[in-house]
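Undergrad: Need coordinates for the below:
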Amino acid sequence: MPGPISQMGGLRKECQDLGELLLSINYLPSAGRLTVDVIKAKGLLQTDIVGGSDPFVRVTVVQNEKPTKTKKTSCKRNTIDPVFNESVSFNLTQQQLVNASVVVSVWDYNYKSKDDFVGRVVIGYHASGPQESQHWERMLQSQRSPVAQWHSLKSRADCDQISLASIAVP
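TA: Okay, the predicted model is just below:
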């Protein structure tokens, strides 16, 4: 996989550590396809009282502050350091890509009740921070090549303050 993977050490705020997520993004202009590779996560916030979490990732494309498509990974049982290695692809024209945002949310699957929200990041037009913006820009500049980067997960409230795309995704 070409391209450096940046380590985001020392960029933590004094808020709760929700964990980190390694994502790779790639755009193929000839096919009009945006691919998001959910590689792995580490140190996820444990939402279950007993045992580890059962995390899965939901990836939503947002355009004009409206969610258009959502896809999700499989659920990884009993871990706070899951390895997903799963790709989700979305058909987007170059024009749509310019103002698109990708909301990546980590959830803990629950059998008997509602799934628990763990954290999220938003990359793209309405990014949830400078690292997320930088990742998107690197992808736009190196189309056809996957660009991987670690992201620190944020709370929904933190993302909603910064990103209109985050507000659009429940």
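Undergrad: how about the strands in the protein?
TA: For the chain, applying DSSP state E gives strands covering 20-28, 33-42, 55-63, 66-72, 83-91, 100-108, 116-124, 147-152.
Undergrad: Now tabulate the ones you listed in CSV and tack on distance to residue 137.
TA: (C-beta placed from N, C-alpha, C; glycine too.) As requested, these are exported to CSV (distance: least, CB to CB, whole Å):
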stretch, distance to residue 137
strand 20-28, 11
strand 33-42, 14
strand 55-63, 18
strand 66-72, 22
strand 83-91, 19
strand 100-108, 13
strand 116-124, 10
strand 147-152, 9
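Undergrad: Columns mean neighbour count, distance to residue 140 and mean pLDDT on top of these, output as TSV?
TA: Below are the strands of the chain laid out as TSV (neighbours: other CB atoms under 10 Å; distance: least, CB to CB, whole Å; pLDDT from 0 to 100):
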stretch	mean neighbour count	distance to residue 140	mean pLDDT
strand 20-28	21	7	97
strand 33-42	19	11	97
strand 55-63	23	15	97
strand 66-72	14	19	96
strand 83-91	16	15	98
strand 100-108	24	11	97
strand 116-124	25	10	97
strand 147-152	22	9	98
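Undergrad: Quick one: residues contacting residue 96.
TA: Residue 96 makes contact with residue 63, according to CB atoms under 8 Å, 6 or more residues apart in numbering.
Undergrad: Can you tell me how far it is from residue 32?
TA: Distance, residue 96 to residue 32, by CB to CB, to the nearest Å: 8 Å.
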